[in-house]
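**Q** structure for the following, please:
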Amino acid sequence: MVGVMAYEKLGGMPLDYRPCRYGKSKLLFRGPRRDLSGQYVAFLGGTETYGKFISRPYPALVEARTGLKCVNLGWPNAGIDVFLHDPDVLSLAARAQVVVLQVLPAQNMSNRFYSVHPRRNDRFVEASPLLRSAYREVDFTEFHFTRHILHRLRSVSEERFALVRAELQIAWIARMKLLLNQFGIPVVLLWLSSHRPGESADQPHVSDDPAFVTAAMLEALRPYVVQLVDATASPGTQEDGTRGMVFSQFDAAAAAELLGPAAHTEAAERLAPVIRDLVMG
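**A** Model (predicted):
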């Protein structure tokens with residue numbers, strides 16, 4: 001009863017994401033399941049692309065603006081690894097006319113210092129011998145999420161944490177190039193965040209996603225994409241907070257960390273003409 005009252009207080013019942021699968025993929029994407037015959041645009045990304053707490057996330061809004069079939073392949077808390085390790089999703093994306101790839105954070109992927117869950121990339125699995133050697137005073141058994149461990153490592157030693165951050169950034173560039181080379185079709189890279197790409201990125205906070213990704217890192221990917229679309233949320237949309245989002249009181253804190261419907265509208269407005277030109281010439 002409490003849960004129902006919480007949703008009613010916020011003006012609606014919980015969203016039905018209509019989860020669906022494509023091919024033999026183990027991932028459950030946001031539905032309804034689309035017919036993949038004919039032409040379509042594939043959207044790969046994380047929580048924003050999936051549209052957590054959002055009735056109509058930006059892929060659906062792009063479809064409404066362009067008339068093109070837009071297939072949502074967003075996966076909550078995704079890192080690069082979840083897509084690289086899923087051949088069915090890669091094949092599905094490669095058959096599209098255009099791929100829109102949301103810039104994903106650098107911390108949610110396996111690297112020389114730690115490994116993550118192959119599908120739940122925000123889940124910390126194990127510290128490598130290299131990390132254990134660098135942080136002998138840390139008990140790694142208490143960590144379950146990548147952000148938690150990174151906050152702890154930084155609090156223990158800024159100097160040693162800088163080495164971890166540098167490794168994540170180097171690995172991110174290499175992993176992104178590997179992913180981009182899988183498609184063989186035009187790829188639009190989407191920056192969807194509360195802040196613009198900066199010269200440095202050293203704050204592992206949800207509000208700073210894509211964590212650790214800098215402007216220079218994006219520039220390194222320019223030869224691999226047809227366009228980089230900056231959909232940084234405007235100050236006005238950020239002031240909206242959770243207005244228009246659908247969530248329970250239990251999820252209020254999580255919703256507050258995400259961009260709201262107005263930011264999705266802005267992203268769709270920036271993406272639609274780019275995609276229309278690529279598909280229709």
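**Q** what about residue 73, which SS state?
**A** strand (DSSP: H, G, I helix; E, B strand; the rest coil).
**Q** that one contacts residue 43, correct?
**A** Yes - contact criterion CB atoms under 8 Å: residue 73 and residue 43 qualify, at 5.9 Å. Yep, even glycine has a C-beta here, placed from its N, CA and C like the rest.
**Q** where do the helices of the stretch 101-250 of the chain begin and end?
**A** 129-134, 146-156, 158-180, 215-219, 235-239 (DSSP state H, counting those that start in this stretch).
**Q** what's the overlap in contacts for residue 73 and residue 43?
**A** residue 49 (CB atoms under 8 Å, 6 or more residues apart in numbering).
**Q** who's more crowded, those two?
**A** Ranked by neighbour count (other CB atoms under 10 Å), residue 73 and residue 43 place residue 43 first, with 31 against 26.
**Q** which strand residues bridge that one?
**A** residue 72, residue 100 (DSSP bridges).
**Q** just the pLDDT for the residue nearest the centre of the chain.
**A** In the chain, the C-alpha nearest the mean C-alpha coordinate belongs to residue 46, at 2.5 Å (CA atoms, centre = their mean). Per-residue pLDDT puts residue 46 at 97.
**Q** name the nearest residue to it, sequence neighbours excluded.
**A** Nearest residue to residue 46 in three dimensions, chain neighbours excluded: residue 78, at 4.2 Å (CB to CB, 6 or more residues apart in numbering).
**Q** if I read this right, that neighbour contacts residue 45, doesn't it?
**A** Yes - in this structure, residue 78 is within contact of residue 45 by CB under 8 Å, at 6.7 Å.
**Q** gap between residue 15 and residue 162?
**A** To residue 162, residue 15 is 40 Å away according to CB to CB, to the nearest Å.
**Q** tell me the contacts of the closest residue to residue 146 other than its chain neighbours?
**A** With CB to CB, 6+ apart as the criterion, residue 146 has its nearest non-adjacent residue at 4.6 Å, and that residue is residue 107. Residue 107 is in contact with 79, 146, 147, 150, 168, 204, 211, 212, counting by CB under 8 Å, 6+ apart.
**Q** min pLDDT across those residues, which one?
**A** Ranked by pLDDT, the contacts of residue 107 bottom out at residue 204, which scores 48.
**Q** least confident secondary structure element in this structure?
**A** Of all regular secondary-structure elements in the chain, judged by mean pLDDT, DSSP states H and E, the least confident is helix 2-9 with a mean of 35.
**Q** list of residues touching the helix or strand containing residue 275?
**A** Remark: residue 275 resides in helix 261-280, with elements defined by DSSP states H and E. Residues from elsewhere that reach helix 261-280, judged by CB under 8 Å, 6+ apart: 39, 41, 48, 51, 54-58, 61-62, 64-66, 68, 97-98, 100, 186, 188, 190, 192, 226-227, 229-231, 233-234, 236-238, 240, 243-245.
**Q** mind giving me the PyMOL command for buried ones among these?
**A** Of the contacts of helix 261-280, the buried ones go into a single PyMOL selection, burial set by 16 or more other CB atoms under 10 Å:
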select buried, resi 41+48+51+54+57+58+61+62+65+66+68+97+98+100+186+188+190+192+227+229+231+233+237+238+240+244+245
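**Q** tabulate the helices of the stretch 101-250 of the chain in TSV, adding columns for distance to residue 196.
**A** Below are the helices of the stretch 101-250 of the chain laid out as TSV (distance: least, CB to CB, whole Å):
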stretch	distance to residue 196
helix 129-134	31
helix 146-156	22
helix 158-180	17
helix 215-219	8
helix 235-239	12
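**Q** which one of the ones you listed lies nearest to residue 24?
**A** helix 158-180 (19.5 Å; CB to CB).
**Q** next, the angle helix 146-156 makes with the closest one.
**A** Here the directions of helix 158-180 and helix 146-156 differ by 150 degrees (axes from the mean of the first three to the mean of the last three CA atoms, to 10 degrees).
**Q** alpha carbons of helix 158-180, as CSV, please.
**A** Extracted in CSV, the C-alpha atoms of helix 158-180 (Å, rounded to 0.1, in the frame of the first residue of the first chain):
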residue,chain,number,x,y,z
GLU,A,158,45.0,11.3,-4.2
GLU,A,159,48.3,10.5,-5.7
ARG,A,160,47.6,6.8,-6.1
PHE,A,161,44.1,7.5,-7.3
ALA,A,162,45.5,9.6,-10.1
LEU,A,163,47.1,6.4,-11.5
VAL,A,164,43.8,4.6,-11.4
ARG,A,165,42.0,7.4,-13.1
ALA,A,166,44.7,7.6,-15.8
GLU,A,167,44.4,3.9,-16.5
LEU,A,168,40.6,4.2,-16.8
GLN,A,169,40.9,7.0,-19.3
ILE,A,170,43.5,5.2,-21.4
ALA,A,171,41.4,2.0,-21.4
TRP,A,172,38.3,4.0,-22.2
ILE,A,173,39.8,5.4,-25.4
ALA,A,174,41.1,2.0,-26.6
ARG,A,175,37.8,0.3,-25.7
MET,A,176,35.7,2.9,-27.4
LYS,A,177,37.8,2.6,-30.6
LEU,A,178,37.3,-1.1,-30.5
LEU,A,179,33.5,-0.7,-30.1
LEU,A,180,33.2,1.9,-32.9
